[in-house]
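> Sequence and computational prediction follow.
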Amino acid sequence: MLQHVCISAYRSLPLVLKKKCLVQATSWTPCSKTCGIGISNRVTNENSKCEMRKEERLCFIQPCQTNILKTIKIPIGKTCQPTFQPPKAEKLAFSGCSSTQSYKPTFCGACLDKRCCVPNKSKMITVQFDCPKEGSFKWKMMWITSCVCQRICNDPGDIFSELKLL
């Protein structure tokens, strides 16, 4: 019997064998919104049929405020505050629906110089939303645990941001 050996196109993530399936996945795309709740996606075969499928999750990098530096307290002698949290837990709003539970997410902060803060570590949670007249639904959501501030600040919607002029 001839067996084919596949070399993974997704080398950045460790390969795991689950139920005779070599699990593969691309990295998650950047959040579709720089503020408010957006969507991030990836392609993975981590499912019961071991088929490559697009997977989506919600993401919430920062709340939409006119001046975020007024909300964040940057320590004296520092130029950045990588993360911050709202003062109290609140329900999340998405597409006219609200979460059944209140949450106190960690957001990426801001810098006084030209650096930007982006998620560094996160985990996945499931959030249930109730919609008026339409019932409820559950979504996977990226839950930020830490952020890092860096000099390279790309617009997540700019597909040409990595191009360099020669």
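Cool, got the structure.
> can I assume Cys149 is in contact with Cys80?
Yes - with contact defined as CB atoms under 8 Å, Cys149 reaches Cys80; the gap is 4.3 Å. Just so you know, the C-beta spots here come from the backbone N, C-alpha and C atoms, and that holds for glycine as well.
> list residues touching both of those two?
Shared contacts of Cys149 and Cys80 (CB atoms under 8 Å, 6 or more residues apart in numbering): Gly109, Cys111, Arg115, Cys117.
> so what's the third one scoring on pLDDT?
pLDDT, the model's per-residue confidence, is 87 for Arg115.
> All the strands of this protein, in order from the start?
16-18, 21-23, 37-44, 53-60, 80-84, 90-94, 97-103, 107-111, 116-131, 135-150 (DSSP state E).
> Any chance of CSV for those strands, columns distance to Cys31 and mean neighbour count?
Listed next are the strands of the chain as CSV, based on distance: least, CB to CB, whole Å; neighbours: other CB atoms under 10 Å:
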stretch, distance to Cys31, mean neighbour count
strand 16-18, 25, 10
strand 21-23, 24, 15
strand 37-44, 4, 18
strand 53-60, 4, 17
strand 80-84, 15, 20
strand 90-94, 13, 16
strand 97-103, 17, 14
strand 107-111, 10, 22
strand 116-131, 8, 16
strand 135-150, 8, 16
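> Among the shared contacts of Cys149 and Cys80, which one lies nearest to Ala25?
Closest approach to Ala25 among these (CB to CB): Cys117, at 25.2 Å.
> That closest one pairs with what?
On DSSP bridges, the residues paired with Cys117 through beta bridges are Cys149.
> That one contacts Ala110, doesn't it?
Yes - here Cys117 reaches Ala110: they are 6.2 Å apart, a contact under CB under 8 Å.
> what residues are shared contacts of those two?
Residues touching both Cys117 and Ala110 by CB under 8 Å, 6+ apart: Cys80, Gln81.
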